[in-house]
Each structure stands twice: as C-alpha cells, then as structure tokens.
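S.K.: Sequence first, then the predicted structure, then my questions.
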Amino acid sequence: MIVLLIGSGGREHALALSLTKSPDLTKMYCSPGNPGINKIAEKVSLTLNDHQSVIEFCKNKAVDLVVIGPEQPLADGLSDSLRLAGIHAFGPSKAAAQLESSKGFAKEFMLRYNIPTAAFHTFISGDEHNALNYADSMGYPVVIKADGLAAGKGVVIALNHEEAENAINSMMGGLYDSAGKSLVIEEFMQGEEASIFAITDGTDFITLAPAQDHKRIYDGDKGPNTGGMGAYAPAPIVTEDVMTKVKESIIIPVLREMASEGNPFIGCLYVGVMIKDGEPKVVEFNCRFGDPETQVVMPLVDGDVLKLFYSAAIGKLDQSSIKTSVSGHACCVVLASKGYPGDYEKNFPINGIEIAEENGAFVYHAGTSETDGVLCSSGGRVLGVTAVADNLKDAVSKTYESVNMIYFNNAFFRKDIAYKAL
Ligand SMILES: Nc1ncnc2c1ncn2[C@@H]1O[C@H](COP(=O)(O)OP(=O)(O)OP(=O)(O)O)[C@@H](O)[C@H]1O
Ligand SMILES: [Mg+2]
C-alpha cells in the first residue's frame with residue numbers, strides 16, 4: 001500500500017514510525033516531512049492548500065491512503081477534496097473538523113446532545129459589553145476562548161475582571177484575526193486533564209491508551225503554555241470506569257450525532273477531558289492526533305496501524321487490526337530551545353541521537369533541520385524523546401537517561417514529566 005503522510009512535526013514522525021511497521025506498506029511519501037521522517041519516507045514538497053496539485057500527486061503515484069496530521073489542512077477541506085477525487089483519506093471533512101476549528105460549533109453541538117462540558121455562552125465582535133458582563137456573572141477564574149484556530153494560543157484563563165476585559169477586547173479587536181471575532185466564555189472546571197484518541201470510521205471506533213500532556217514550560221506546571229513539553233501514557237487518572245464514561249457519554253453520542261447531522265467524523269477524534277471525582281467533562285475536541293501525546297500513544301499500539309487507518313478511511317473499521325488492551329507504559333520528554341515559547345536562538349548542531357536510540361529510545365524530530373549533513377535545532381520544540389517499559393517508573397527513568405545522551409546548545413527540558421502519576 002502506498003501512503004502519503006501530511007505534516008512535519010513529532011506527531012507525524014511518530015505516526016510514520018508506526019505506519020512503517022505494517023507489512024502492507026510498500027512506500028511512504030511525506031509532505032513537508034522533517035529530517036527524522038525523511039529517513040523512513042520520501043520527502044515531497046506539495047502546496048497543501050492547492051488541493052488539485054495534491055490530488056494529481058496522489059493519482060500519479062497511485063497513493064492508496066492519505067494520512068493528514070495537522071488541523072489546518074483538515075479545516076481547509078483537504079479530506080473533502082481527496083474523497084471527491086476518489087482518494088482515501090484518514091482525517092475528517094471540513095464540516096466535521098469544525099469540532100476543533102470552531103469552539104462555538106463544538107460547544108453548541110455538545111449543548112444540543114447533552115454531552116458533559118463546562119457551562120458557556122458565545123459572543124461576537126461588537127458585543128464586548130455583554131461578554132464582559134457574562135464573564136463577571138460566572139465569577140473568576142473564567143475561561144475565554146477564541147472561536148477559531150489560534151495555534152494553541154487562543155485560550156485565556158482570566159483571574160479577574162481586568163484580565164477578562166483585556167482578553168475580550170484584544171481577541172475581538174483582531175489579535176488572532178478572524179479566529180477571535182467570535183468568543184466562547186465558559187465556566188472554569190477544576191480537576192485533572194487527560195487526552196483520549198478515538199480512531200473512527202464515522203460509526204465504529206477504537207480508543208488508544210489515554211495520555212496526559214504537560215502544557216506549561218516549567219516544572220510544577222508553572223510559566224506560560226507551550227505546544228506541550230512532555231507526555232505519558234496510559235494516564236492512571238483515566239480508570240476503566242472513567243474510560244467507560246468517556247465512551248458512553250462523549251464518544252458514542254458525538255459520533256452518532258455528527259453522523260445524524262450529516263457530518264460523519266472519520267479519522268482521529270481527540271477528546272480532551274477534565275476529570276473530577278471520577279466524572280469526565282469535555283475541555284475540547286481536536287480533529288487530529290495530539291502532540292506530544294501521539295509520541296507516547298503510538299509506541300504502545302500493538303498491531304497494524306496502516307490497516308487501522310485504512311479501514312477507518314474506507315468506512316469499515318477493522319477492530320482486529322490492533323489489540324485493544326494496552327500493555328506497557330511510555331514517557332516522552334520534549335527537548336526545547338531555551339527561551340521557548342518566547343524568543344529563542346536556533347541552528348545549533350545536535351549530537352547524541354544515535355546513542356539515545358541505541359539505548360532503546362525513540363527520538364522524534366519536531367524542530368530540526370539538516371544542512372550539509374549536519375543536524376541542527378530549528379524550532380522551539382526540537383526533539384521528543386520517548387521510552388517504553390513495563391512500568392511507568394522505568395519508562396520515565398529510561399527516557400531521562402536517553403535525554404541526557406543528547407546535546408545541543410541552549411537545550412531545555414522539564415525534569416518532572418509524569419511525576420504526578422508516580
Ligand atoms: N473550562 C475550562 N476549565 C479549566 N481549564 C480550561 C478550560 N478550558 C480550557 N482550559 C485549559 O486551557 C487549555 C487550553 O484549552 P483548549 O484545549 O480549549 O485550547 P486549545 O488552544 O484548543 O488547545 P490545543 O492546542 O491543545 O488544541 C486546556 O488544556 C486547559 O488546561
Ligand atoms: Mg484544540
């Protein structure tokens with residue numbers, strides 16, 4: 001089977017490694033790829049928002065399946081264009097991707113079908129006054145979210161009236177362009193967060209190991225939010241009972257009602273939940289795999305990921321393609337550039353990846369570049385280092401052992417990934 005993978009991050013590197021394990025894979029292309037992915041897939045430079053050119057590539061190369069990693073091409077309708085051209089795609093339609101691309105859409109949808117989530121109201125630009133009154137009426141802290149995609153920066157937890165006023169005015173004033181012209185203001189939920197991935201053909205689904213990521217830059221969950229500084233799976237907070245509730249009160253109704261509204265969701269539904277006293281409530285949906293959770297979830301999958309994705313894409317989910325029970329534990333630590341998520345220096349040579357890999361770790365590339373055979377740091381999040389073991393404690397120590405084998409100037413990482421669960 002010939003696969004085209006879309007994306008360039010650690011998430012796509014983890015997906016690529018899992019796909020290469022399938023005996024059915026004959027060839028993998030990746031666009032735009034990265035130096036890590038390019039070792040196992042052929043890099044192609046496609047203009048992703050020119051859907052016709054992507055279709056032509058797929059036809060020329062007889063691509064059997066397109067796996068779409070990031071949210072932007074999904075929100076732009078790449079899956080729809082591919083399907084219309086008769087090409088199988090793993091990833092939701094533009095309409096189904098609204099579960100992520102419009103927070104207002106997701107919240108109204110949950111309200112319609114009684115799916116547990118924080119109380120909320122939506123407001124559009126021009127209605128700043130009522131938005132602020134609503135925030136005041138909820139009490140503080142209150143959560144203010146830009147409706148559209150804002151690269152993980154569109155959520156403010158306002159601690160008081162002034163912070164709410166600033167957030168509302170700046171978002172509605174165009175801080176995130178049109179993404180913030182409409183806002184969701186919602187109740188602040190206490191509890192512990194977890195991420196659950198459901199692989200679905202629009203009707204049936206299989207959940208993967210529940211994961212927990214670490215969004216803040218510093219140890220002890222301090223400092224500004226990042227794209228994610230590490231993750232581990234399975235997350236013990238998601239007990240069997242919580243997982244049953246997530247399936248019955250969230251995933252099943254979401255898939256059923258998205259289909260009933262004419263927007264079946266095909267691909268990976270990312271369910272972000274807040275769990276308090278064993279009760280999960282939805283924090284957010286994403287329409288694709290999470291990063292860095294994928295870097296811990298995929299290494300724990302026992303089975304044929306290509307078969308899983310392909311069967312979902314053609315609408316006949318193969319429940320036997322992977323084992324549903326998860327054995328093993330995985331931990332991922334992100335090596336970032338010092339200064340991230342603010343300004344940082346880059347283009348420092350990276351050493352030690354091979355040694356870490358010989359130690360048994362998976363080293364996923366997220367922000368690297370290669371010039372004249374020298375691998376350098378090129379982004380805020382540079383590498384994701386994952387190790388798997390029989391228990392979480394060993395996975396964590398093997399991960400940190402491997403992290404310490406890698407060196408580049410100004411490397412920074414959190415020292416407490418997964419400690420909450422130990
Ligand atoms: N109602 C809430 N109560 C408490 N915390 C919340 C709430 N909504 C969001 N958060 C916090 O803010 C973070 C970001 O919110 P959300 O996941 O909706 O934004 P996002 O930008 O779509 O995130 P991602 O980049 O992971 O897709 C959450 O992970 C959670 O920690
Ligand atoms: Mg999101």
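M.R.: Okay, I see it. Ligands and ions are numbered 1, 2, ... in the order given.

S.K.: do you know how far residue 2 is from residue 67?
M.R.: Remark: distance between residue 2 and residue 67 (Cβ to Cβ, to the nearest Å) = 12 Å. Every residue, glycine included, has its C-beta placed from N, CA and C.

S.K.: Could you list every helix and strand in contact with the host helix or strand of residue 386?
M.R.: Element membership of residue 386 [criterion: DSSP states H and E] is strand 381-389. Contact partners of strand 381-389 among helices and strands, from 3 or more Cβ pairs under 8 Å, 6 or more residues apart in numbering; DSSP states H and E: helix 10-20, helix 294-297, strand 329-337, strand 362-365, helix 392-403.

S.K.: of all the ones you listed, which lies closest to residue 161?
M.R.: strand 329-337 (34.0 Å; Cβ to Cβ).

S.K.: What parts of this protein come near ligand 1?
M.R.: Residues of the chain lying close to ligand 1 by Cβ under 6 Å from any ligand atom are 118, 143, 145, 152, 154-155, 186-189, 193, 215, 272, 283-284, 286.

S.K.: just to revisit the earlier point, so how far is the strand holding residue 386 off the chain centroid?
M.R.: In terms of Cα atoms, centre = their mean, to the nearest Å, the centre of strand 381-389 is set 15 Å apart from its chain centre.

S.K.: quick one: strands adjacent to that strand?
M.R.: Neighbouring strands of strand 381-389 in its sheet, by DSSP bridges, are strand 329-337 (antiparallel), strand 362-365 (antiparallel).

S.K.: Most distant residue from the centre of this structure?
M.R.: Using Cα atoms, centre = their mean, the residue of the chain lying farthest from its centre is residue 129. It sits 33.9 Å away.

S.K.: so which helix or strand takes in it?
M.R.: Using DSSP H and E, the element containing residue 129 is helix 128-138.

S.K.: Next, the buried residues of that helix.
M.R.: Neighbour counts over helix 128-138 (16 or more other Cβ atoms under 10 Å) mark 128, 131, 132, 134, 135, 138 as buried.

S.K.: elements contacting that helix?
M.R.: Secondary structure elements in contact with helix 128-138, counted by 3+ Cβ pairs under 8 Å, 6+ apart, are strand 120-124, helix 161-172, strand 182-187.

S.K.: tell me the average confidence for whichever helix or strand comes after that helix?
M.R.: Per DSSP H and E, helix 128-138 leads on to strand 142-146 as the next helix or strand towards the C-terminus. For strand 142-146, the mean per-residue pLDDT is 97.

S.K.: can you tell me which residues contact residue 172?
M.R.: Going by Cβ atoms under 8 Å, 6 or more residues apart in numbering, residue 172 touches 123, 125, 126, 128, 131, 180, 181, 183.

S.K.: Quick check: the farthest pair among the residues you listed?
M.R.: For the contacts of residue 172, the maximum inter-member distance is 12.9 Å, found between 126 and 180 (Cβ to Cβ).

S.K.: Tell me which of the two has more neighbours.
M.R.: For residue 126 versus residue 180, neighbours defined as other Cβ atoms under 10 Å are more numerous around residue 180 (23 against 10).

S.K.: So residue 375 lies in a helix, does it not?
M.R.: No - under DSSP: H, G, I helix; E, B strand; the rest coil, residue 375 falls outside any helix and is assigned strand.

S.K.: correct me, but residue 367 touches residue 334?
M.R.: No - in this structure residue 367 lies outside contact range of residue 334 using Cβ atoms under 8 Å: 9.8 Å.

S.K.: Common neighbours of the two, please.
M.R.: When contacts are counted by Cβ under 8 Å, 6+ apart, the set common to residue 367 and residue 334 consists of 381, 382, 383.

S.K.: Residue 242: which of the residues you listed is nearest?
M.R.: Looking across these and measuring by Cβ to Cβ, the closest to residue 242 is residue 381, at 28.8 Å.

S.K.: what comes into contact with the worst-scoring helix or strand of the chain on mean pLDDT?
M.R.: Least confident helix or strand of the chain, by mean pLDDT, DSSP states H and E, is strand 222-225 with a mean of 92. Surrounding strand 222-225, the residues in contact under the criterion Cβ under 8 Å, 6+ apart are 152, 153, 155, 215, 216, 217, 341, 342.
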